[in-house]
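*Asks:* Below are the sequence and a predicted model; questions follow.
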Protein chains: 2
Amino acid sequence: MARGSTRPTSRDVAQAAGVSQAAVSLVLGDKWRGRVSEPTAQRVRDAAHRLGYRPNLAARNLRLGRTRTVLLVVPALTTEFFAEVYTGAARIAAEHGFGVVLYPSPEGVGPARDPFASARAALDGVIASSMAADALTAIRGDQLPLVMLDSDPEGSLGAATVNLDITDGIRQVTEHLLALGHRRFLHLAADVPSWTFDIRARELAARLAGTPGTTLRTAHAPISIEGAQAATETALAAPGPRPTALVCDDDKLAAGAYKAARRAGLRVPDDLSVTGLDDLGLATAIDPELTTVRLDAELFGERGMHALLAVMEGQTPQEGDIPVHLVVRGSTAPPPQD
Amino acid sequence: MARGSTRPTSRDVAQAAGVSQAAVSLVLGDKWRGRVSEPTAQRVRDAAHRLGYRPNLAARNLRLGRTRTVLLVVPALTTEFFAEVYTGAARIAAEHGFGVVLYPSPEGVGPARDPFASARAALDGVIASSMAADALTAIRGDQLPLVMLDSDPEGSLGAATVNLDITDGIRQVTEHLLALGHRRFLHLAADVPSWTFDIRARELAARLAGTPGTTLRTAHAPISIEGAQAATETALAAPGPRPTALVCDDDKLAAGAYKAARRAGLRVPDDLSVTGLDDLGLATAIDPELTTVRLDAELFGERGMHALLAVMEGQTPQEGDIPVHLVVRGSTAPPPQD
DNA sequence: CCCGTGAAGTTTTACGTATAACGTGTCCCG
DNA sequence: CGGGACACGTTATACGTAAAACTTCACGGG
């Protein structure tokens, strides 16, 4: 307890153990194979424990020139999806002695010019969702190792990418609905400028274009229950034959669509089949339970972290999209007979 | 661009501007009132900008002995509630030049003994939810300024607390249901050892004990839709007169209860009134929309951060619980006539 | 007997920053 | 005309750690 209230330093430990500060560093850093005798090492460990010594991270980071800390930039935490991504990334990071700091949606937090003013920790690398791509330029300027999640492989300027196989997910949804007999589709699209949403529209359109006798209309909505409800209501009120299958970009949109359908006097799935994408907890909370595409968010985070570790080592990360799979529940059924 | 690939330091900037490193520090630190001439200051700023200089946080933290970074410990991010708490805390923090680092649920992340191994950043203070109280002892050992969220004012060992007025929330729920005519209550309690859940049970029991002719039963469930569904199903299948009002500790529990009611052939709210607590997005996604208690999570985070700032200044934080209010939606109605 | 070798440490240095302490020159006032 | 006072800087130092470079001693082989 050297003096006063300041935390003990390695020098205090050294003094208490009767050795030099260097010896403390060696012992506690586990670098003492043939440098320090076992009894002395034990004395050091005892003293450190007795004083409640905790190394000063700032000093260590300064000395080592790295922080073993990585930033995860996500669009927002209003969905559990990115919470799971975090969990997966943090697990892998911890296995490699790294920590993960979360940087959620910049809306209203910190000065817009420098989104990292609030992420004060110095960083060794960044994992960023493409849905928060506006922060990307600032990161590139820092020359930090970067991995993008769900980003256009062409457009990410050489940064490594880890993607979910959303294209295949939409294909599975479409096949499922076509097999049930649906022909008139409505796509409820997220009103968010992001590659990961663009490919949904692209794949759905491509698949239906290859199937004669099908029609596809599109409605756009912000990712919120109210927004989705409003957009679906106007889309369903449009003239012409009513769609029988509603493909939503996201589970939350589907939840809003349920409400619109109910208000329009339509029953899910008898009058209208609805599909989502994500498989959040929400999917089984609503009635009927939602047919959706399960994304393994935790694995997504793990793969993202693995990729970043590879980039930081100067290696090339593993290739290949993460598979997804359709979960059929009660919100899809054959279309009503006209 | 001193040499190679290392980031420019303040010394590089000094050299480029033709001044000493100290001058750079003064100018960039805005401490140069009468110490450096305006033209020189401008030269320094230009050089810094030209080289893309960014101060080394580790060195600054070491020098200043503080990090302007605060930790927010939350039980998990599987609910948007704590995401909003974060948003509020981060806003206030940013206004005071602080950053907030999130530390979600330790489940499976990092060694259990030291929950902060993965929060590598050095910290100036901690805001912790009582739902993650197991981490509390480790924090106290570090002598860090600490603010507890929703914690027993008696039992938090002198740490400052910021609480939502849950007691009043439960009172409002109970009054509402009593006014509708309900007499047989079932309490679906979260199976989580935390003061914030204890007081729900306490207040509900106290209020009903003061009202003759009422009965109260209790079921416990983990906070998940499946868990709540299972617990509610067994509780509803119990012998004796069926409860007409189901008070849930949490919106997610209510969503599970909906499913149990439906499976038991009961309609909400005609046969069974259900209430929640939180007012998450989930509350309006389910049908009928949930009568619940709205908690202002963002304000909660703001107040938590304000309290922590006060504690760090050695002051006493503002007293007083945060008000909450009942939101009446479609899940409550008068009890069925026997 | 002498030198090499290995164990068991210690001394020293550097990381990049903020700031206290210390020069300069110039001007103004008594 | 001498010496503060002020403007404009610079030099030096400390923060706590990790690790390279150095010291000391004992021992064993040729």
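*Replies:* Perfect, I can see it now.

*Asks:* Low-confidence bits of the stretch 1-150 of chain A, can you list those?
*Replies:* Along the stretch 1-150 of chain A, segments meeting pLDDT under 70 span A:1-5, A:77-78, A:105-121, A:132-142.

*Asks:* now the helices for it?
*Replies:* Using DSSP state H, counting those that start in this stretch, the helices of the stretch 1-150 of chain A run over A:10-17, A:21-28, A:38-51, A:57-64, A:80-95, A:136-141.

*Asks:* CA atoms only: put the longest one into PDB for me.
*Replies:* Pointing back at helix A:80-95 there. Output of helix A:80-95 as PDB, limited to C-alpha atoms (Å, rounded to 0.1, in the frame of the first residue of the first chain):
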ATOM      1  CA  GLU A  80     -31.100  -8.600 -30.700                       C
ATOM      2  CA  PHE A  81     -29.400  -9.600 -33.900                       C
ATOM      3  CA  PHE A  82     -26.300  -7.500 -33.300                       C
ATOM      4  CA  ALA A  83     -26.200  -8.400 -29.700                       C
ATOM      5  CA  GLU A  84     -25.700 -12.000 -30.800                       C
ATOM      6  CA  VAL A  85     -23.100 -10.900 -33.300                       C
ATOM      7  CA  TYR A  86     -21.300  -9.300 -30.400                       C
ATOM      8  CA  THR A  87     -21.500 -12.400 -28.300                       C
ATOM      9  CA  GLY A  88     -19.900 -14.500 -31.000                       C
ATOM     10  CA  ALA A  89     -17.200 -12.000 -31.700                       C
ATOM     11  CA  ALA A  90     -16.400 -11.500 -28.100                       C
ATOM     12  CA  ARG A  91     -16.000 -15.200 -27.500                       C
ATOM     13  CA  ILE A  92     -13.400 -15.600 -30.200                       C
ATOM     14  CA  ALA A  93     -11.700 -12.400 -29.200                       C
ATOM     15  CA  ALA A  94     -11.400 -13.600 -25.600                       C
ATOM     16  CA  GLU A  95      -9.900 -16.800 -26.700                       C
END
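
*Asks:* ok, and for it, which residues are buried?
*Replies:* With burial defined by 16 or more other C-beta atoms under 10 Å in any protein chain shown, the residues of helix A:80-95 counted as buried are A:80-94. (Each C-beta comes from the backbone N, C-alpha and C, glycine too.)

*Asks:* For residue B:128, find the nearest of the helices of the stretch 1-150 of chain A.
*Replies:* Minimum separation from residue B:128 across these (C-beta to C-beta) falls at helix A:80-95, 17.9 Å.

*Asks:* Please see if the closest one touches chain B.
*Replies:* Yes - between helix A:80-95 and chain B, judged by C-beta under 8 Å from any C-beta of the partner chain, the touching residues are A:80, A:82, A:83, A:86, A:87, A:90, A:91, A:93, A:94.

*Asks:* So which of the residues you listed is the closest to residue B:27?
*Replies:* Ranked by distance to residue B:27 (C-beta to C-beta), those are led by residue A:93 at 37.3 Å.

*Asks:* okay, now residue A:101: neighbour count?
*Replies:* 27 (other C-beta atoms under 10 Å in any protein chain shown).

*Asks:* Quick check: bridge partners of it?
*Replies:* On the basis of DSSP bridges, residue A:101 takes part in beta bridges with residue A:71.

*Asks:* where's it relative to residue A:302, distance?
*Replies:* 17 Å (C-beta to C-beta, to the nearest Å).

*Asks:* likewise residue A:252?
*Replies:* Relative to residue A:302, and taking C-beta to C-beta, residue A:252 is found at 24 Å.

*Asks:* Specify which residue of the two has the higher count of neighbours.
*Replies:* Comparing residue A:252 with residue A:302 by neighbour count (other C-beta under 10 Å), the higher total belongs to residue A:252, at 28 against 22.

*Asks:* Name the residues of stretch A:29-44 that are buried.
*Replies:* So stretch A:29-44, judged by 16+ other C-beta under 10 Å, has buried residues A:32, A:36, A:40, A:41, A:43, A:44.

*Asks:* contacting residues around the residue nearest to the fifth one when sequence neighbours are not counted?
*Replies:* Right, residue A:43. In space, and not counting its chain neighbours, residue A:43 is closest to residue A:17: 4.6 Å by C-beta to C-beta, 6 or more residues apart in numbering or on different chains. Applying C-beta atoms under 8 Å, 6 or more residues apart in numbering or on different chains, we find residue A:17 in contact with A:23, A:24, A:40, A:43, A:44, A:46, A:47, A:48.

*Asks:* got the domain boundaries for chain A?
*Replies:* Here the domain parsing of chain A from automatic domain parsing is A:10-55, A:69-164+A:298-312, A:166-295.

*Asks:* how about these, which one is nearest DNA strand D?
*Replies:* In terms of C-beta to the nearest atom of the strand, the element of those nearest to DNA strand D is domain A:10-55, at 3.1 Å.

*Asks:* I'd like to know if that closest one reaches DNA strand C anywhere along the stretch.
*Replies:* Yes - judged by C-beta under 7 Å from any atom of the strand, domain A:10-55 comes into contact with DNA strand C through A:19, A:20, A:21, A:22, A:23, A:26, A:34, A:35, A:36, A:37, A:39, A:40.

*Asks:* just the residues you listed now: which is nearest residue A:276?
*Replies:* Nearest member of the residues of domain A:10-55 next to DNA strand C to residue A:276, counting by C-beta to C-beta, is residue A:26, at 56.0 Å.

*Asks:* and the closest residue to that closest one other than its chain neighbours, what is it in contact with?
*Replies:* With sequence-adjacent residues excluded and distances taken as C-beta to C-beta, 6+ apart, residue A:26 is closest to residue A:32, at 4.5 Å. Each residue near residue A:32 by C-beta under 8 Å, 6+ apart is listed here: A:23, A:26, A:41.

*Asks:* which of the residues you listed come close to DNA strand D?
*Replies:* Within those, those near DNA strand D by C-beta under 7 Å from any atom of the strand are residue A:26.

*Asks:* Now the contacts of residue A:32 in a markdown table, please, with extra columns for distance to residue B:218.
*Replies:* Listed next are the contacts of residue A:32 as a markdown table, based on distance: C-beta to C-beta, whole Å:
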| residue | distance to residue B:218 |
| --- | --- |
| A:23 | 59 |
| A:26 | 58 |
| A:41 | 55 |
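
*Asks:* which among the contacts of residue A:32 gets closest to DNA strand C?
*Replies:* Checking the contacts of residue A:32 one by one against DNA strand C (C-beta to the nearest atom of the strand), the nearest turns out to be residue A:23, at 3.7 Å.

*Asks:* Thanks a lot, see you next time.
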